[in-house]
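Undergrad: Any chance you could fold what I've pasted below:
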Amino acid sequence: GFGRRIRLTSPGRGHPLFAGKDEVFDAVTIHLDEVETLAPNMQVLALNAFSAVQAAEVTVNGCTAWGVQYHPEYSLADIAASFRRHGKRLVEERFFNDDEEVLGYADTVSALHVDPGDKPLAWKLGLDSTVLDKKFRTREIRNWITHQVLPTRSQRGRE
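TA: So this is what the prediction gives:
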């Protein structure tokens with residue numbers, strides 16, 4: 001549910017995708033897939049102990065794409081819903097002991113969504129402003145729009 005201690009690589013520290021982002025941060029994440037082989041012209045921008053590629057840039061045929069493994073677009077309510085939806089698999093994968101534990105965790109995450117200032121709940125989940133502050137959590141989306149979408153749109157004559 002939460003990617004911990006995602007760290008920007010040297011190229012990531014100066015990359016516009018991460019403008020205004022801390023060098024180390026947590027993020028909402030839920031995935032069982034990850035990059036195993038780097039594509040040609042692919043540069044890793046962020047990683048953590050769980051995944052060697054948490055963010056990357058790849059250039060193909062003169063086009064550059066940015067991608068992240070985690071989910072800056074997800075709210076805490078979204079991730080709580082994912083826990084509920086995938087609870088059986090999370091128990092099978094031994095992230096939780098049973099369905100009741102999954103649902104209790106999802107309820108705690110949902111409560112923190114309702115009140116992100118609830119310090120005891122934030123402490124219980126080990127979350128800080130890198131996840132709780134929507135502006136911080138979604139910064140990559142704004143940076144992508146600013147540095148990729150709007151310039152491309154402008155080049156195509158769409159203002």
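
Undergrad: Relative to R89, how far out is the residue nearest in space to the middle of the chain?
TA: Centroid-nearest residue in the chain: Y70, 2.9 Å away (criterion: Cα atoms, centre = their mean). Y70 is 19 Å from R89, where distance means Cβ to Cβ, to the nearest Å. No exception for glycine: its C-beta is placed from N, CA and C like everyone else's.

Undergrad: First-to-last residue distance for stretch 24-36?
TA: Start to finish, the residues bounding stretch 24-36 are 22 Å apart (Cα to Cα, to the nearest Å).

Undergrad: Report the buried residues of it.
TA: By neighbour count with 16 or more other Cβ atoms under 10 Å, stretch 24-36 contains the buried residues F25, D26, A27, V28, T29, I30.

Undergrad: ditto for stretch 9-28
TA: Applying 16+ other Cβ under 10 Å to stretch 9-28 flags T9, G12, H15, L17, F18, K21, F25, D26, A27, V28 as buried.

Undergrad: pLDDT averaged over it - what is it?
TA: The average pLDDT within stretch 9-28 is 97.

Undergrad: Contacts for that stretch, please.
TA: 1-8, 43-47, 54-55, 57, 66, 68, 70-72, 74-76, 78-79, 127-128, 130-131, 136-137, 139-140, 143-144, 146-147 (Cβ atoms under 8 Å, 6 or more residues apart in numbering).

Undergrad: Which ones among the residues you listed map onto helices?
TA: The members of the contacts of stretch 9-28 that map onto helices under DSSP state H are L76, D78, I79, T130, V131, F136, R137, R139, E140, N143, W144.

Undergrad: from what I can see the fifth one touches R137, true?
TA: Spelled out, that is V131. Yes. Using Cβ atoms under 8 Å, V131 is in contact with R137, at 5.8 Å.

Undergrad: and the longest helix along the chain, how far from the chain's centre?
TA: Using DSSP H, we find that the single longest helix of the chain is helix 99-114. On the basis of Cα atoms, centre = their mean, to the nearest Å, helix 99-114 sits 19 Å off its chain's mean C-alpha point.
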